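Asks: I'd like to go over a predicted model; first the sequence, then the structure.
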Amino acid sequence: MKRIALVAAAALIVGAGGIFTATQVDAWGATGHRFVGVAAMRALPNELPAFLRDPGAAAEVGELSREPDRTKGAGQPHDRERDTAHFVDLDDGGHVMNSRGPTLSELPTLKSEYDAQLLAAGIEVNDAGYLPYAIMDAYQHLARDFATWRVLNAAEAREADPARRAWYREDRLRREALILRDIGYLSHYIGDGSQPHHMSIHYNGWGDYPNPEGFTNSRQTHGAFEGGFIRRNMRLDAVEAAMPAPNLDGFEMRARMASYLNSTLAQVVPFYRLEKTGAFAADAEGAVLASGAEFATARLASGAAELRDWITLAWREAGTASIGWPAVKVAEVEAGTADPWLSMIGED
């Protein structure tokens, strides 16, 4: 696979205090991924259940947001199948790899269809990446687990039989742990989607392409920005303050995914222009230009706000779902008009 490991030391900063750890990761580095996860969780609206709005849940998601990086190196087929989930290389016109590849709005329904389409166009699947599908898959998984939780929670509150009520409670607690993991994975991929290098053929220096503005071709560009620069210069409170307002109306998953990732693609050239001015390099006193810090803060804030919204939207979608076997409608269980026992415990 063409992408090299981009290693960075990471720091965790929560609130005003700091807890520092040393690790090796890539794709925003540990600091960036933690900030996206924690900021999103701390911004969830009150309609989400209380267990998600607990400070401990925010910290947990911050750690789990790193998980898709931490499983790297497991071997094949794991690595080849999963490492390419972290990016999609778009050309300057928004096509995957080159003009023969699809745009994000033209992606087929299934990843297998996407792979076949790329191969037919002479594009290596592992060079292109499949971040859009990783985001959509993680969202759908979260929505299903939310649907299960909503049924379990409602049934537990109404169940008169002590044994059944105890089972509902234990399964609800299991589901809460799974939901935090789900959000961690969604956080990681949405976070990757806010980093311009994860959206572009210019992913680590401009590369072997027409370069009229003379942008850098340093192979340190990607890792230096998302790792050390973020760790040294970002603050969680600044990221939270920069988060845009919720955008929850008219959600359609595929269109929203394309709009979000294309908005990050639009930041590739601005990044390289800033890099050319030295905005991401510290001076002798360790200071950096405000423009570099502002750019990075805005990128992390974009990821955190997008994650906040996708979590909320998954919760809302879950309320309209049917779950279990035989399938039971979430809304009917929550209204007290359906008994979900066989659907949850398993009819057999």
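Replies: Looks like it came in fine.

Asks: now F225: how far from A85?
Replies: Distance of F225 to A85, computed by CB to CB, to the nearest Å: 21 Å. The C-beta positions use only the backbone N, C-alpha and C, and glycine is treated the same way.

Asks: Looking at those two now, which is surrounded by more residues?
Replies: Taking other CB atoms under 10 Å, F225 and A85 do not tie; F225 has more neighbours (28 against 23).

Asks: where do the helices sit along the stretch 151-300 of the chain?
Replies: Counting by DSSP state H, counting those that start in this stretch, the segments of the stretch 151-300 of the chain that form helices are 162-192, 221-223, 230-233, 236-242, 253-265, 268-276, 290-318.

Asks: Show me the one of those helices that comes nearest D127.
Replies: Closest to D127 of the helices of the stretch 151-300 of the chain, according to CB to CB: helix 221-223, at 15.6 Å.

Asks: rounded to a whole number, what's the mean pLDDT of the closest one?
Replies: The pLDDT scores in helix 221-223 average 95.

Asks: How many neighbouring residues does A39 have?
Replies: A39 has 27 neighbours, counted by other CB under 10 Å.

Asks: Touching, it and A242? I think so.
Replies: No - counting by CB atoms under 8 Å, A39 does not reach A242; the two are 9.3 Å apart.

Asks: I'd like the distance between P196 and N204.
Replies: Applying CB to CB, the value for P196 to N204 is 11 Å.

Asks: where does the nearest residue to L342 once chain neighbours are set aside land in three-state SS?
Replies: Excluding its sequence neighbours, the residue lying closest to L342 (CB to CB, 6 or more residues apart in numbering) is P326, at 6.7 Å. Of the three states, P326 takes coil under DSSP: H, G, I helix; E, B strand; the rest coil.

Asks: OK, contacts around P326?
Replies: 342-343, 347 (CB atoms under 8 Å, 6 or more residues apart in numbering).

Asks: Kindly state the pLDDT recorded for it?
Replies: 93.

Asks: For the remainder of this discussion, apply numbering that starts at 55.
Replies: Sounds good: first residue 55 from here, last item P380.

Asks: which phi and psi does it have?
Replies: Main-chain torsions, P380, degrees, to the nearest 10: phi -60, psi 150.

Asks: repeat for the one 4 residues further on
Replies: Note on V384: backbone dihedrals following degrees, to the nearest 10 are phi -60, psi -50.

Asks: wait, isn't it in contact with R370?
Replies: No - V384 is beyond contact range of R370, at 11.0 Å (criterion: CB under 8 Å).

Asks: can you count the residues close to the residue lying closest to R212 once chain neighbours are set aside?
Replies: In space, and not counting its chain neighbours, R212 is closest to G390: 6.1 Å by CB to CB, 6+ apart. Taking other CB under 10 Å as the neighbour definition, G390 ends up with a count of 11.

Asks: Equivalent analysis for E306, please.
Replies: Neighbours of E306 under the rule other CB under 10 Å: 9.

Asks: For A93 and A296, list the residues in contact with both.
Replies: Common neighbours of A93 and A296 (CB under 8 Å, 6+ apart) are 354-355.

Asks: follow-up on the earlier one: what is the nearest of the contacts of P380 to E167?
Replies: Closest to E167 out of these is S397 (32.0 Å), distances taken as CB to CB.

Asks: Return the distance of that closest one relative to S376.
Replies: Noted for S397: a distance of 9 Å to S376, by CB to CB.

Asks: again with A392
Replies: The value you get for A392 to S376, if CB to CB is used, is 10 Å.

Asks: Find residues that contact each of the two.
Replies: 382-383.

Asks: my read: Y263 touches S254, true?
Replies: No - the pair Y263 / S254 is not scored as a contact, 10.3 Å apart, by CB under 8 Å.

Asks: So for these two, which residue has more residues nearby?
Replies: When Y263 and S254 are compared for neighbours, S254 comes out ahead with 24 against 11, by other CB under 10 Å.

Asks: if we can go back for a sec, just want to know which of S397 and S376 has more residues nearby.
Replies: Between S397 and S376, counted using other CB under 10 Å, the more crowded position is S397 (21 against 16).

Asks: contacting residues around E294?
Replies: With contact taken as CB under 8 Å, 6+ apart, E294 is in contact with 93, 96-97, 355, 358.

Asks: so which of those residues comes closest to H132?
Replies: Among the contacts of E294, A358 lies closest to H132 (CB to CB), at 28.2 Å.

Asks: so how far is V382 from the closest one?
Replies: Distance, A358 to V382, by CB to CB: 34 Å.

Asks: Compare the two (neighbour count), which wins?
Replies: More crowded of A358 and V382, by other CB under 10 Å: A358, with 29 against 22.

Asks: The more buried one contacts P298, correct?
Replies: No - if you go by CB under 8 Å, A358 and P298 don't touch, sitting 9.6 Å apart.

Asks: isn't E230 right up against F105?
Replies: Yes - with contact defined as CB under 8 Å, E230 counts as touching F105 (5.4 Å).
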